[in-house]
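Chemist: Need a 3D model of the following:
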Amino acid sequence: MSCHTCLVATMVEWNGKRLLEARLRRGMTQDDLARAVRTSVTNISRWERSKNRPGASRVLALALTLDIGPESFFQADDEDEVDADPDRLSIDEFLARRIDALLRQRLNKGEIWP
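Modeler: Numbering: from 1, shown residues only. Got it, this is the predicted structure:
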């Protein structure tokens, strides 16, 4: 695992409610989604309840299957969702912006320093 991946993994918070909402909007069961992304129903359930979070490859598989941007899974409930937007950010651009925003937030809180 690269340092970049470690940084992202510790800074970005998974929002399982977003996964649940997207699955229900598509009329899919947990079993349907599990089969589509080649995982277990138990994993889908844990991800939806934010008990665990999927790895990067599963996040991308979920986003493609549900036709939403992967960034949607990392937004707070009160943030607007990017849903089936052809102009959505690439995963690299999203991660770069998210890391920048989170670093600034931690810097402002004094959790890290330049």
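
Chemist: So for this protein, the centremost residue is which one?
Modeler: residue 73 (3.2 Å; CA atoms, centre = their mean).

Chemist: That one and residue 35, how far apart?
Modeler: For residue 73, the distance to residue 35 equals 19 Å [CB to CB, to the nearest Å]. Using the backbone N, CA and C atoms, a C-beta is placed for each residue, glycine as well.

Chemist: residue ranges of the helices in the chain, please?
Modeler: 3-11, 16-25, 30-37, 41-48, 56-66, 91-109 (DSSP state H).

Chemist: closest to residue 77 out of those?
Modeler: Smallest distance to residue 77 across the helices of the chain (CB to CB): 6.2 Å, for helix 16-25.

Chemist: Show me what the closest one is packed against.
Modeler: helix 41-48, helix 56-66 (3 or more CB pairs under 8 Å, 6 or more residues apart in numbering; DSSP states H and E).

Chemist: Check the offset of the first one from the chain's centre.
Modeler: This means helix 41-48. Mean-position distance between helix 41-48 and its chain equals 14 Å (CA atoms, centre = their mean, to the nearest Å).

Chemist: what about it, average pLDDT?
Modeler: For helix 41-48, mean pLDDT is 96.

Chemist: What are the buried residues along stretch 37-53?
Modeler: Within stretch 37-53, the residues scored as buried using 16 or more other CB atoms under 10 Å are 37, 39, 43-44, 47-48, 53.

Chemist: Could you find the closest non-adjacent residue to residue 94?
Modeler: residue 71 (4.5 Å; CB to CB, 6 or more residues apart in numbering).

Chemist: Quick check: the one you found touching residue 93?
Modeler: No. Contact criterion CB atoms under 8 Å: residue 71 and residue 93 do not qualify, at 9.5 Å.

Chemist: Residue 14 against residue 75, yeah?
Modeler: No. Look at residue 14 against residue 75 with CB under 8 Å: they stay out of range, at 10.4 Å.

Chemist: quick one: the closest residue to residue 70 other than its chain neighbours and residue 38, what's the gap?
Modeler: Computed as CB to CB, 6+ apart, the closest residue to residue 70 that is not its neighbour in sequence is residue 63, at 4.1 Å. Distance, residue 63 to residue 38, using CB to CB: 15 Å.
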